[in-house]
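>>> Next one to model:
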Amino acid sequence: MATEYDRLAKIYDYEWKDLREDIELIIEVAGKCGSPILELAVGTGRVAIPLVKQGFEVVGIDNSIEMIKICQEKISKLPEGLSSKINVIEGDMSNFSLENRFKFIFISFNSFLLLFSKRKRGDCLKCVYNHLEGDGIFMVDIFSPDFKLCAEEKSDIRFLRHFYYPPENKVILQWEYAERNMAEQLIDVDFLYEEYDKNGNLNRYTRHLNMAIIFRYEMQLLLEKNGFEILEFYGNYDKSKFSNKSPQMIYICKKLTSLKRSKQ
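Numbering: from 1, shown residues only. Purely as a prediction, here's the structure:
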């Protein structure tokens, strides 16, 4: 089944070329856990490839076959000793079953919020629990809701960024329009892309995303309900303390002991 990311997979790495600040933290946590590592919503390998280059063994799951194709192309260009350390497969992060158990499982950069139904979020965490080693670590990173924006049912159309797309020698401008349903804690986001070639010809297209809005203690309760204990909680990738101005909510967890879980 095609996803919204299939249509835009080819530009993804150019659109997010400046997003690197989470990688250092993920590598740091991975260094404390070791291999094997499982990344859910692996995409084009933005994080997985740097992990492999650090010597870790990585399995990645994604539901976009086009994103996976780009990731596999990157893998094919790695030295043989590294390319054998990573395997990416098509799958649903809320419904997967693998033979391996992992020392570190993570979901980076808001991807967990793409599971916009309560059931799917719970199913995802159950899968993570079942695939995590007893002493393994789970890390999930989601944006911290902006209370001012949450009060706006409809946002203004705002300019996000512009970037260069070398394969077609085009400049791409990106705009965003969002509608929020706080009764359901959902956000509908439309992204408008304007592509300009060297002759000034214009091509427009859109991408639509549904995302969940999850608050701090709601996420904490969801993790605890599904068998996790929070070890560290940060408000940004520099490991700063969470505040009402923090852009992210980063949870680093382990499995609850059987005794603690029996009391849930």
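
>>> Tell me how the chain divides into domains.
Listed by automatic domain parsing, the domain ranges of the chain are 4-145+214-262, 147-212.

>>> which intervals of the stretch 1-150 of the chain have sub-threshold pLDDT?
1 (pLDDT under 70).

>>> Please, where are all the helices along it?
4-15, 21-33, 48-53, 65-76, 80-83, 118-131, 147-150 (DSSP state H, counting those that start in this stretch).

>>> between these, which gets nearest to residue 229?
When the helices of the stretch 1-150 of the chain are compared by Cβ to Cβ, helix 118-131 sits nearest residue 229, at 11.5 Å. For the C-beta atoms, the positions are set from N, CA and C on the backbone; glycine is no exception.

>>> quick one: which of the helices of the stretch 1-150 of the chain is nearest residue 92?
Of all those, it is helix 118-131 that lies closest to residue 92, at 8.6 Å by Cβ to Cβ.

>>> Who are the packing partners of that closest one?
strand 37-40, strand 102-107, helix 216-225 (3 or more Cβ pairs under 8 Å, 6 or more residues apart in numbering; DSSP states H and E).

>>> low-scoring pLDDT stretches of the stretch 151-264 of the chain, where are they?
Short version for the stretch 151-264 of the chain, where the test is pLDDT under 70: 258-264.

>>> go with 50
259, 262 (pLDDT under 50).

>>> show me where it has helices.
With DSSP H, counting those that start in this stretch as the criterion, the stretch 151-264 of the chain has helices at 216-225, 258-262.

>>> Tell me who's in contact with the residue of the chain positioned farthest from its centre.
Ranked by distance from the centre of the chain (Cα atoms, centre = their mean), the top residue is residue 199, with 36.0 Å. By Cβ atoms under 8 Å, 6 or more residues apart in numbering, residue 199 lies in contact with nothing.

>>> Next, find the distance separating it from residue 80.
43 Å (Cβ to Cβ, to the nearest Å).

>>> And for residue 234?
Distance, residue 234 to residue 80, using Cβ to Cβ: 37 Å.

>>> more neighbours, those two?
Neighbours were counted for residue 234 and for residue 80 using other Cβ atoms under 10 Å; residue 234 has more, 18 against 6.

>>> Strands along the stretch 151-264 of the chain, start to end?
Per DSSP state E, counting those that start in this stretch, the stretch 151-264 of the chain carries strands over the ranges 158-165, 170-181, 186-196, 202-212, 228-234, 248-255.

>>> how about the helices and strands packed on helix 118-131 in JSON lines, adding mean neighbour count?
Listed next are these as JSON lines, based on neighbours: other Cβ atoms under 10 Å:
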{"stretch": "strand 37-40", "mean neighbour count": "27"}
{"stretch": "strand 102-107", "mean neighbour count": "24"}
{"stretch": "helix 216-225", "mean neighbour count": "15"}
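
>>> mind checking which of the ones you listed is nearest residue 31?
Checking the helices and strands packed on helix 118-131 against residue 31 by Cβ to Cβ gives strand 102-107 as the closest, at 9.5 Å.
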